[in-house]
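Student: give me coordinates for this.
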Amino acid sequence: MSEIRSKRLYCHNLPEDRTIETKINSKPTGGLLIFVLFGISLMCVGKLWIFGLLITLMALAGVVFIKNHVMTELSGDHAVFYKESSREECFYLYWDDVEEWKIMPMKTGLDQLIIELKDGEKVRFTVFSRRKIEKYFKKYAPNITKGDLDDDDE
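Tutor: Numbers count the residues shown, from 1 in each chain. Now for the predicted structure:
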């Protein structure tokens, strides 16, 4: 086992000079705006205007009232995963500390990322954008071994 640099931190202890290539937010703004446009287009159709109005109002309510938090920050040398329950804590992950990883679908429609670090510790995170996460993990932390990560361990 090698010594790892990845660790849990309070957000105010994150390095100020860290680079951030992309962020993953909790609010699906693009998808909600597509529903707004879809609802507006339905309102233009004579018989479906009530249905279009309902879709537009619900999507606009989502745009306005759903809180938007940064859930993950990704860059070429690290990833930062913010806790959903406590916005003050995060996990700072260096790519070279990753031994193995996989993404598992959950019943809620979101996915769960399971990472095994080189020291044997397993960490789990809820994934809001599977494509972005997979892109970065395949590029910077490809799975070398082909073993199965146990779902029971943590």
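
Student: from residue 73, how far out is the closest residue in space to residue 49 that isn't next to it in sequence?
Tutor: Residue nearest to residue 49 in three dimensions, not counting chain neighbours: residue 43, with 4.7 Å by Cβ to Cβ, 6 or more residues apart in numbering. Where you see a C-beta, it was placed from the backbone N, CA and C, and this is true even at glycine. Per Cβ to Cβ, to the nearest Å, residue 43 is found 38 Å from residue 73.

Student: cool, residue 136 as well?
Tutor: Distance from residue 136 to residue 73, counting by Cβ to Cβ: 11 Å.

Student: please apply the same query to residue 41.
Tutor: 35 Å.

Student: okay, these two: which has more neighbours?
Tutor: Neighbour count, other Cβ atoms under 10 Å: between residue 41 and residue 73, residue 73 has more, with 20 against 13.

Student: so what pLDDT did that one get?
Tutor: What the model reports as pLDDT for residue 73 is 95.

Student: check the one 4 residues further on too.
Tutor: For residue 77, the pLDDT comes out at 92.

Student: got it, and residue 83?
Tutor: 88.

Student: what's the neighbour count on it?
Tutor: So residue 83, with other Cβ under 10 Å, has 15 neighbours.

Student: now the residue lying closest to it once chain neighbours are set aside: how far from residue 80?
Tutor: Nearest non-adjacent residue to residue 83, counting by Cβ to Cβ, 6+ apart: residue 89, 4.6 Å away. Between residue 89 and residue 80 the distance is 11 Å, computed by Cβ to Cβ.

Student: pick out whichever of those two has more residues nearby.
Tutor: The neighbour comparison of residue 89 against residue 80 (other Cβ under 10 Å) goes to residue 80, with 21 against 14.

Student: could you say which helix or strand holds that one?
Tutor: strand 78-82 (DSSP states H and E).
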